[in-house]
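S.K.: using only what follows, build the 3D model:
(one chain, ligands or ions: 2)
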Amino acid sequence: MTPAAKRSPDHLTLALPKGRILEDAIALLSRAGLPLSMPQASRALRHEFEGVTVLELRNQDVPVYVDLGVADAGIVGKDVLIESGRAVYEPVDLRFAACHLSLIRENGATGPIHRVGTKYPHSAREYLNREGIPAEIVKLSGNIELAALTGLADAVIDLVQTGGTLMANNLQEIDILYHSSARLIVNRAALKLRRSRLRPLIANLRELVEEKA
Ligand SMILES: Nc1ncnc2c1ncn2[C@@H]1O[C@H](COP(=O)(O)OP(=O)(O)OP(=O)(O)O)[C@@H](O)[C@H]1O
Ligand SMILES: O=P(O)(O)OC[C@H]1O[C@H](OP(=O)(O)OP(=O)(O)O)[C@H](O)[C@@H]1O
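M.R.: Numbering: from 1, shown residues only. Ligands and ions are numbered 1, 2, ... in the order given. I've put the predicted structure just below:
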């Protein structure tokens, strides 16, 4: 039996990432009718609400929990979803956490790109192959732009939103790989099993994001 099948069809388990997405995700899901509130600062990782359990995860783990059916649905950035390669159902673009994944170099850098630093090795590989750039990829975990500033890499592939980080560090955006925003993702088996909970949630979220557009 899959993990999803063991739980009551009336109960929803949601995978949400801690970090910048959590607060907006909880607010939007509440407006869509779920009885959620922001988890209190504590070491608890699983939060129980009426008919809903929230699992608080790292971004990269949200598609894994949803794809494997431990969570019925989740919210995650499109960037993380693409990078995960997980073929989960993605019914709603929630439109917040908008940013783009870009190729970035120091201002004025023109030499060949031999090495690229990034938190997104799969997206980077796909892009570099497509562009015919035979560069080595170095997987990093944070403050990616430092790799270009220190000479660890000739370029980095990282997220840009306001451009403030680029400005503050004398960097320029060379190319955009893709645009990203937060998405609702749903486990395909759960969509059937928990239709009565998930269908209204999807419809309400669609309505809310359309309202704002
Ligand atoms: N500057 C930004 N502006 C808007 N959205 C962003 C920005 N940076 C990241 N995002 C989006 O928000 C998501 C979560 O970002 P967050 O900064 O919380 O992750 P993180 O702390 O880097 O991830 P982790 O530590 O789990 O690897 C990203 O996957 C992306 O979709
Ligand atoms: O264009 P901006 O508005 O400056 O936003 C872009 C920055 O935001 C993200 O970093 P974050 O603050 O999440 O830190 P991280 O590098 O540790 O992920 C991203 O990695 C960029 O560095």
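S.K.: same for the helix ranked longest in the chain, what does it pack against?
M.R.: Identified as the longest helix of the chain according to DSSP state H is helix 195-212. Applying 3 or more CB pairs under 8 Å, 6 or more residues apart in numbering; DSSP states H and E, one finds that helix 195-212 contacts strand 12-17, helix 22-31, strand 89-93, strand 182-186. The way it works is simple: take the backbone N, C-alpha and C, and place the C-beta from them, glycine included.
S.K.: if you set the cut-off to 7 Å instead, what comes out?
M.R.: helix 22-31, strand 89-93, strand 182-186 (3 or more CB pairs under 7 Å, 6 or more residues apart in numbering; DSSP states H and E).
S.K.: now the angle between strand 182-186 and it, please.
M.R.: 160 degrees (axes from the mean of the first three to the mean of the last three CA atoms, to 10 degrees).
S.K.: before we move on, the earlier item: how about the helices and strands packed on helix 195-212 in CSV, adding mean pLDDT, distance to Leu152 and mean neighbour count?
M.R.: CSV is the format used below for the helices and strands packed on helix 195-212 (pLDDT from 0 to 100; distance: least, CB to CB, whole Å; neighbours: other CB atoms under 10 Å):
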stretch, mean pLDDT, distance to Leu152, mean neighbour count
helix 22-31, 98, 31, 17
strand 89-93, 98, 34, 18
strand 182-186, 98, 30, 25
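S.K.: closest one to Asp67 among these?
M.R.: Proximity to Asp67 (CB to CB) singles out strand 182-186 among the helices and strands packed on helix 195-212, at 8.4 Å.
S.K.: I'd like to know which elements the closest one is packed against.
M.R.: If you count contacts as 3+ CB pairs under 7 Å, 6+ apart, strand 182-186 packs onto strand 73-77, helix 78-84, strand 89-93, helix 195-212.
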